[in-house]
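> below is the sequence, then the predicted model.
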Amino acid sequence: MSWTPTDYAGWGRALRASGEVARPEQLHALAALDAAPAMGMRRSYGDAALNNGGRAIDMSRFDRLIGFDAESGILEAEAGARIGDIAATFAPRGWLPAVMPGTGFATIGGCIAQDVHGKNHHHMGSFGQHVTEITLLQNGAETVTTPGSALFEATLGGLGQSGVITRAKIRMIPCKGDVMFVTERRARGWDEHLAFLDASTASYTVGWIDATARGASLGRGIVEEGETGAGIVRVSPKSRAVPMDAPHFALAKPIVKAFNQAYYHRVPARGRTVVKPLAEFFFPLDKIHDWNRLYGKRGFHQFQCVVPLASAPALRAMLEEIAASGLASPLAVLKRMGAGRAGYLSFPMEGYTLAIDFPNRAPARALIKRLEAMTAAAEGRLYFAKDSLAEGAQIRAMYPDLPKWQAEVAKADPDAALTTDLVRRLNLRSA
Amino acid sequence: MESWIILGATSGMARPLLRQLAANGAALYLAGRNATALAELAEDCRLRGARAVHALPFDTRDHSNYPALIAQFTQEDGTLNAAVFTGTMPEQSQIDADPALIEGVMADSYTGPATFLQQLLPHMEARGTGTIVGIGSVAGDRGRLGNYCYGAAKAAFATYLSGLRNRAGRKGVHVLTVKPGPVDTPMTYGMKMPFMTSPEAVANDILKAVRKRRNTLYTAPIWRVIMTVIRLIPEPVFKKMSF
């Protein structure tokens, strides 16, 4: 297996790395390699999958399905298998991964290492709560870990530090088919937006937020509620690609404002129900390949925080700050989370989560710093899958179980062969 | 009802094609040398919807079990199809050091699969339907400094497929010659190559070309233009070029 000098980046493209990368396809080839951090499709926005100056293992070719038990709904797959691929394969047969993140390109290994959540977090909790077994490669040998063990909890949301995830078993949930019935409603402002999210009983709920709207319209957006269904829906097979880095003004303030205005008014005032292919609801941006290039070659940052329910006013204050800055992009999501989380370093807490993209420029970086401080003050939490700018001490304080994780990881990877740029930047392992 | 036998099924280029065939409910006969990799792939294809999956030991350099494999495959009713992904590409410098390697290169890209197809074809002709997909290479279109032994083997296979098409077409069996440019597989991992395409794109192109009964497919399509130009370069000029 050849180690190949490679330049690569997190999904936000603001943080980059160069180093040797290997891409084995068989377990024996993987096990023969010197230990190095694993990466999947690199959909973490910051540096969670980067190892600048060191080595990394590209797991994307470990994408085989291993077994499925139609009695229990448990699927075993290799770590590089993609969520969208699994959904497309099993939804027509009546099964879906219990939790799916916002991109179908996310791999099983990545979903475990970040303990991701989806549009049904308020019902189903995090991805890791539906994992029944994880196989890790530690020092060239495989170890199986199951719920209840400290190693298991250190692995879910564990940023790949407890061993290279080679395969896992996940519990799938029944679904009616591979189409979605989606009800879209306008939320005219902040209070209505939160009220809709609080009252939603749908299986899948998410709010798109117009982060440029101010005054009485602050917090306005579209609340989408989805249910799976059976039926026939026209799937447009063509996916598009962004062929080059966009110029930096592509997402300038007037353009974003106009886009958001149109996007908001696309849904009639009385709301509507539409039928969509499953992937269009769960992975709306996946149809545009390399959409991250829209932010130009400097890339972008995503800020995502969750704050406790009682801190909703603090979240509103953050949104005011964002709207006043005029720096937001159209990609902004508001969601109510349940309490479900599976690992020591899992992100979720019961409350509201806000995710929003900003182009990588000095005023935006300064704004994100302010938002991070506001998150800390609101006793909220920042998300390792998105982070590229946090202060180590600030983010470490948001994860009270960090010492337990550190103890387990120190046992699992005593030589610190699996550290990544993120782990070093935030000094997670040895603080 | 479609059945496919895939020679060199563990090839990185074959995987997405296998998955699409599986999703369409085909019966798959996966033939290759690496039994572990074949077994993993077979289970993957079964879970993705293949009607049936069989893993078969197949070696381009040992023809002794070909009749048995063909007997097993031809028990399937309906349309029989075959796809050939076998091939190896040692560095030209390795071949310079050990010219005996040429025999293996020829076996993997040409003599092995041709020996197999020659025995399978009468069964397909008897049914008057089906497709044979053979993977050649743009390297077979002109001998180049860097990989002319590999190119020669692929050229031999392309010429064989051309004749096979001429013969089989009369009986309703279609032959598609695929000439991929560089594809992002383990064979090319770590090499810097122009107009690299993905195995997924190759699979889509192949299935479309099968539906349209195309004779020769370049994938990525730009390679048809590039190779036309390269073939037009006069030999006195070409012999001084190195790329």
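Yep, that arrived. Numbers count the residues shown, from 1 in each chain, chains lettered A, B, ... in the order given.
> surely A:I165 is in contact with A:E133?
No: here A:I165 lies out of contact with A:E133, judged by C-beta atoms under 8 Å, at a distance of 11.1 Å. (Glycine included, C-beta is placed from N, CA and C.)
> neighbour count winner among those two?
Using other C-beta atoms under 10 Å in any protein chain shown as the criterion, A:I165 and A:E133 rank with A:I165 on top: 28 against 15.
> distance of the residue in chain B that chain A sits nearest to from A:G80?
Going by C-beta to the nearest C-beta, chain A is nearest to B:G190 of chain B, at 3.6 Å. Separation of B:G190 from A:G80 (C-beta to C-beta, to the nearest Å): 18 Å.
> and for A:G351?
32 Å.
> show me how far stretch B:172-182 is from its chain's centre.
8 Å (C-alpha atoms, centre = their mean, to the nearest Å).
> so which bits of it are buried?
Within stretch B:172-182, the residues scored as buried using 16 or more other C-beta atoms under 10 Å in any protein chain shown are B:173-182.
> can you give me the neighbour number for B:I135?
30.
> need the phi and psi values for it.
The phi/psi pair for B:I135 (degrees, to the nearest 10) reads phi -90, psi 110.
> looks like it contacts B:D108 (just checking).
No: using C-beta under 8 Å as the test, B:I135 is too far from B:D108 to be in contact (11.2 Å).
> overlap in contacts, the two.
B:G87 (C-beta atoms under 8 Å, 6 or more residues apart in numbering or on different chains).
> wait, A:L418 sits on A:V164?
Yes: assessed by C-beta under 8 Å, A:L418 is found in contact with A:V164 at 7.4 Å.
> give me the common contacts of the two.
Residues touching both A:L418 and A:V164 (C-beta under 8 Å, 6+ apart) are A:35, A:37-38.
> beyond the longest helix belonging to chain B, next helix or strand please.
The single longest helix within chain B, with elements called by DSSP state H, is helix B:148-168. Per DSSP states H and E, helix B:148-168 leads on to strand B:174-180 as the next helix or strand towards the C-terminus.
> any idea which helix or strand comes after that next one?
helix B:199-211.
> any part of that next one near chain A?
No: no part of helix B:199-211 sits close enough to chain A to count as contact by C-beta under 8 Å from any C-beta of the partner chain; the gap is at least 9.8 Å.
> re earlier: contacts only, for the residue of chain B closest to chain A.
Contact analysis of B:G190 by C-beta under 8 Å, 6+ apart lists A:2, A:4.
> cool, A:V256 as well?
Contacts of A:V256 by C-beta under 8 Å, 6+ apart are A:212, A:328-330.
> 10 Å instead?
A:210-212, A:250, A:326-331, A:359 (C-beta atoms under 10 Å, 6 or more residues apart in numbering or on different chains).
> farthest pair within the residues you listed?
Farthest apart among these by C-beta to C-beta are A:D210 and A:A250. That separation is 18.4 Å.
> among these two, which residue is more densely surrounded?
A:D210 (25 against 15).
> neighbours of the spatially closest residue to that one that is not a sequence neighbour, just the number please.
Leaving aside its chain neighbours, A:D210 sits nearest to A:N260 (4.4 Å; criterion: C-beta to C-beta, 6 or more residues apart in numbering or on different chains). The number of residues packed near A:N260 is 22, by other C-beta under 10 Å.
> now do the SS call for A:N260.
Secondary structure for A:N260, judged by DSSP: H, G, I helix; E, B strand; the rest coil, is helix.
> and what of A:P313?
From three-state DSSP, the assignment for A:P313 is helix.
> just the pLDDT for it.
A:P313 carries a pLDDT value of 97.
> wait, doesn't it sit right on A:A377?
No: using C-beta atoms under 10 Å, A:P313 is not in contact with A:A377; the gap is 11.6 Å.
> and the helix or strand harbouring A:P5, which strands flank it?
Per DSSP H and E: A:P5 is located in strand A:4-9. Strands that pair with strand A:4-9, judged by DSSP bridges, come out as strand A:16-22 (antiparallel).
> may I see the buried residues of the strand or helix carrying B:G112?
Element membership for B:G112, per DSSP H and E: helix B:112-127. By neighbour count on 16+ other C-beta under 10 Å, the buried set for helix B:112-127 is B:112-114, B:116-117, B:120-121, B:124-125.
> got the residues you listed as a markdown table, with pLDDT and distance to A:I66 columns?
As requested, the buried residues of helix B:112-127 are exported to a markdown table (pLDDT from 0 to 100; distance: C-beta to C-beta, whole Å):
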| residue | pLDDT | distance to A:I66 |
| --- | --- | --- |
| B:G112 | 98 | 30 |
| B:P113 | 98 | 30 |
| B:A114 | 98 | 35 |
| B:F116 | 98 | 30 |
| B:L117 | 98 | 32 |
| B:L120 | 98 | 31 |
| B:L121 | 98 | 36 |
| B:M124 | 98 | 34 |
| B:E125 | 98 | 39 |
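> and the two most separated of those residues?
B:G112 and B:E125 (21.0 Å).
> got a pLDDT number for the residue lying closest to A:H130 once chain neighbours are set aside?
Distances taken as C-beta to C-beta, 6+ apart put A:A98 closest to A:H130, at 4.0 Å, once the chain neighbours are dropped. pLDDT recorded at A:A98 is 98.
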